[in-house]
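**Q** sequence unavailable; structure follows:
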Ligand SMILES: O=C(O)[C@H](O)COP(=O)(O)O
C-alpha cells in the first residue's frame, strides 16, 4: 500500500520529540582536513577539468589517504530547505534564478540552526544558489560547536591557492562547505519569474499542479522532478553517501525540489507518493545512516528535545560533550 508522505506526516513524526609535477608545490595542503573520500573525489574532478592540469596535493597521495580509520558505523544527515526567498514571498516561480532570502527567510534559517544546534555536522553541502548558502551559513551561526563554515573554492587553481588556510588549528575549527550546482532547484523553464497564482489562472490549476508536483511532467522548457533527480540523486550517491558511510555527519541546504528528489531516494518513495511530498522553507529534517540504510527521524524541534537524543547513543554522546565543554 502506498505511503503518503507529506510535510504534515514528517512534522508529526518529528514533533513529539599533482602529483609530482611542478604545480604540486602550489598546493602544499588541502584547505581543510577533508574527509578522505571527499578528497579523492575532489581529485578526480580536478584531474578531468577542461584545463587538464594535474593538480595533486601531497595530502591526496595514496599513502596519506589510506588506510582510513572508520570513525563510526553511523552518521547523521540533516536536510534543510532554504528559508523564504524574495521570490517565495512574491509567489514567483524561482527555479534556478539566484534570489536571496527575505528577512523572514533569515529568521527561518536561524531558527533551523537552533533546532539542529546539538546535532553533529562535519561537512556541509549546499547548492550553488545564494538562498541555500545563506541558509546553511545562518543556521551554522547557531551551532553549539562554534566551528566556522568555509566555502571551498576549487573552481580553478587560483581560487584554490588563494583560499588556502595555513593554520592546522584553524582548519580544525572549520567546517568545509561544498557548493554543488547539482543540488540546485529544478530548472523551472519558462515559468521562472511568473506568478504562481496567475499561471494557474492562465493554464489551469491541474496543469500547474502537474508541472509543480508530478514526477515525469516537465514545465515548459524546464526540468521535471525526474530530470532534477537524475543530477541531484546522482550527486548524492557519488559525493554525499560515501561521506556518511565513513561516519561523517552531513548537512545539506538545498531546495524544495532537489530535496524532494533526494527524499524520494532516501525514503524509497514511488513516483506517485512523491507528488504529495511538500517541504516547508527552513524546515530541518534528520536522517540517521546506519548499516547502509537511511532512517528518517523527523524534524528536531530544538536542542533540548529529549527525543532526538534517544534516537542514537552517538547523538546523545555528542550533545553531552557539548554540554561538558560549556562547564
Ligand atoms: O522554484 C520555486 O519556485 C520554489 O522554490 C519551489 O517551487 P514549487 O513549490 O512550485 O516546486
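**A** Good, I have the coordinates. Just so it is clear, the structure is predicted and the values come from calculations on it, not from any experiment.
**Q** what's the local residue count around residue 245?
**A** 15 (other CB atoms under 10 Å). In short, each C-beta sits where N, CA and C put it, glycine included.
**Q** ignore the last one, residue 128
**A** If you count neighbours by other CB under 10 Å, residue 128 ends up with 14.
**Q** contacts only, for it.
**A** By CB atoms under 8 Å, 6 or more residues apart in numbering, the residues touching residue 128 are 179-181, 183-184.
**Q** likewise residue 80?
**A** Counting by CB under 8 Å, 6+ apart, the residues that residue 80 touches are 109, 112, 116, 135-136, 139, 251-254, 282-285.
**Q** for residue 125, same thing?
**A** 177-180, 183, 239-240, 250-254.
**Q** could you redo the last one with a cut-off of 6 Å?
**A** 178, 240, 252 (CB atoms under 6 Å, 6 or more residues apart in numbering).
**Q** circling back to that earlier point, filter the contacts of residue 128 down to the ones in helices?
**A** Per DSSP state H, helices hold no members of those.
**Q** re earlier: which one of the contacts of residue 125 is nearest the ligand?
**A** Closest approach to the ligand among the contacts of residue 125 (CB to the nearest ligand atom): residue 252, at 15.5 Å.
**Q** which of the three states applies to the closest one?
**A** Using DSSP: H, G, I helix; E, B strand; the rest coil, the structure places residue 252 in strand.
**Q** and it, bridged to which residues?
**A** Beta-bridge pairing for residue 252 (DSSP bridges): residue 79, residue 125.
**Q** residue 286 now?
**A** residue 78.
**Q** against the ligand, how distant is it?
**A** 22 Å (CB to the nearest ligand atom, to the nearest Å).
**Q** as a check, name the ranges of all strands in the chain.
**A** 74-81, 123-126, 148-151, 174-179, 250-254, 284-290, 293-296 (DSSP state E).
**Q** just the ones you listed: most buried one?
**A** With neighbours taken as mean count of other CB atoms under 10 Å, these reach their highest mean count in strand 250-254, at a mean of 29.
**Q** contacts for that strand?
**A** By CB under 6 Å, 6+ apart, strand 250-254 touches 77-80, 121, 123-127, 132, 135-136, 183, 240, 243-244.
**Q** so which of the residues you listed are also by the ligand?
**A** Subset of those in contact with the ligand: empty, counting by CB under 6 Å from any ligand atom.
**Q** about what we covered before: could the contacts of residue 125 go into CSV alongside distance to residue 301 and pLDDT?
**A** What follows is the contacts of residue 125, written out as CSV (distance: CB to CB, whole Å; pLDDT from 0 to 100):
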residue, distance to residue 301, pLDDT
178, 28, 97
240, 25, 98
252, 20, 98
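**Q** and of those, the nearest to residue 84?
**A** Nearest to residue 84 among the contacts of residue 125: residue 252, at 18.4 Å, using CB to CB.
**Q** just give the closest residue to residue 275, not the sequence neighbours.
**A** residue 213 (4.8 Å; CB to CB, 6 or more residues apart in numbering).
**Q** quick one: the closest residue to residue 153 other than its chain neighbours from residue 140, how far?
**A** In space, and not counting its chain neighbours, residue 153 is closest to residue 159: 3.9 Å by CB to CB, 6+ apart. As judged by CB to CB, to the nearest Å, residue 159 and residue 140 stand 22 Å apart.
**Q** is it true that residue 247 touches residue 77?
**A** No: Residue 247 is beyond contact range of residue 77, at 11.8 Å (criterion: CB atoms under 6 Å).
**Q** that older thread, would you list the contacts of residue 125 in a markdown table and tack on distance to residue 208?
**A** A markdown table is the format used below for these (distance: CB to CB, whole Å):
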| residue | distance to residue 208 |
| --- | --- |
| 178 | 34 |
| 240 | 31 |
| 252 | 28 |
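**Q** between residue 159 and residue 140, which is the more surrounded one?
**A** residue 140 (23 against 11).
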